[in-house]
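# return atomic coordinates for the entry below.
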Amino acid sequence: MELGFERTEIPHRLIFRDTDTVIDLLPFGQIEEDSTVRFIDREVEISVIGFKEVSGSVTEIEIEDTSIKVSPMAGIFILKLISWTEKPERTKDFEDIQFILNNYFELYQDRFYAEHLDCIDEIPSEYFQLIAGARLLGRDMNPILARSRKLEAQIINIIDNHLKGRLGAFKGHSIDFNPTLEEQVLQHINKGISESIS
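Below you'll find the predicted structure:
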């Protein structure tokens with residue numbers, strides 16, 4: 001192919017030869033049907049649940065005079081939750097979920113202190129950064145999930161019924177989750193989702 005890309009057996013995947021980088025091109029929107037895109041010639045179906053809702057919150061960044069649309073971290077978290085529950089054997093998705101939870105406050109702490117101090121008294125001092133990050137993550141998920149009540153219900157179901165009892169399942173994360181801490185984190189994500197912050 002031109003421009004250094006190489007096709008693969010997977011219809012939506014290319015490889016950039018110079019760096020051996022895997023690139024997935026996932027179409028969605030008008031082409032999808034029931035949140036699914038079908039590649040008829042290869043009998044492949046791809047779930048694109050949440051893509052439309054997350055795409056409404058993308059931001060543009062400039063890299064070497066090139067403008068690139070990037071999903072917010074809360075949107076990536078939503079898509080990772082869906083991907084992991086659709087294919088639980090994909091442990092990379094779960095590791096990414098843990099990574100986002102462990103680092104969300106550090107990424108956005110300036111915005112938390114500038115815009116979200118109304119909830120600070122509800123957050124315990126022990127593991128403050130983790131729980132405050134969870135609350136902020138939920139609030140950042142709110143406007144994305146507000147675009148689809150069906151998606152919102154699905155994400156809350158995943159948080160309540162799939163993440164519970166699992167956050168400490170993988171080694172390599174920075175927080176040693178115990179049942180109480182896990183419960184606090186999940187409660188604050190859900191509470192954040194329910195809060196409309198102007």
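# C-alpha only now, for contacts and for neighbours.
Will do.
# ok, A146 touching D140?
No - counting by CA atoms under 8 Å, A146 does not reach D140; the two are 10.8 Å apart.
# report the longest helix in the protein, please.
Longest helix in the chain, counting residues (DSSP state H): helix 91-115.
# quick one: buried residues of it?
Residues 93-105, 109, 112 are the ones in helix 91-115 that count as buried (16 or more other CA atoms under 10 Å).
# and if you look at stretch 65-82?
71-82.
# so what touches it?
49-51, 54-55, 57-62, 93-94, 96-97, 100, 137-138, 140-141, 144, 155, 158 (CA atoms under 8 Å, 6 or more residues apart in numbering).
# show me those that map onto helices.
Those of the contacts of stretch 65-82 lying in helices (DSSP H): 51, 54-55, 93-94, 96-97, 100, 137-138, 140-141, 144, 155, 158.
# tell me how many other residues crowd K52.
Neighbour count of K52, defined by other CA atoms under 10 Å: 16.
# nearest spatial neighbour of F112, chain-adjacent residues omitted?
Spatial nearest neighbour of F112, chain neighbours left out: L136 (7.0 Å); criterion: CA to CA, 6 or more residues apart in numbering.
# how much space separates that neighbour from G56?
19 Å (CA to CA, to the nearest Å).
# between those two, which one's more packed in?
Taking neighbours as other CA under 10 Å, L136 and G56 compare with L136 leading, 27 against 13.
# pLDDT value on the closest residue to Q184 other than its chain neighbours, please?
Leaving aside its chain neighbours, Q184 sits nearest to I131 (6.9 Å; criterion: CA to CA, 6+ apart). Note on I131: pLDDT of 96.
# likewise the one 4 residues further on?
At R135, the pLDDT value in this model is 97.
# using CSV, write down the CA coordinates of whichever helix or strand it is part of.
Per DSSP states H and E, R135 falls inside helix 128-145. C-alpha atoms of helix 128-145 as CSV (Å, rounded to 0.1, in the frame of the first residue of the first chain):
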residue,chain,number,x,y,z
PHE,A,128,-7.7,10.6,48.7
GLN,A,129,-6.2,10.8,45.3
LEU,A,130,-7.6,7.5,44.1
ILE,A,131,-11.2,8.3,45.4
ALA,A,132,-11.1,11.9,44.3
GLY,A,133,-10.0,10.8,40.9
ALA,A,134,-12.8,8.3,40.7
ARG,A,135,-15.4,11.0,41.6
LEU,A,136,-13.9,13.3,38.9
LEU,A,137,-13.9,10.5,36.4
GLY,A,138,-17.5,9.8,37.0
ARG,A,139,-18.3,13.5,36.6
ASP,A,140,-16.3,13.6,33.3
MET,A,141,-18.2,10.5,32.1
ASN,A,142,-21.6,12.3,32.8
PRO,A,143,-21.9,14.4,29.7
ILE,A,144,-20.8,11.5,27.4
LEU,A,145,-23.3,9.1,29.0
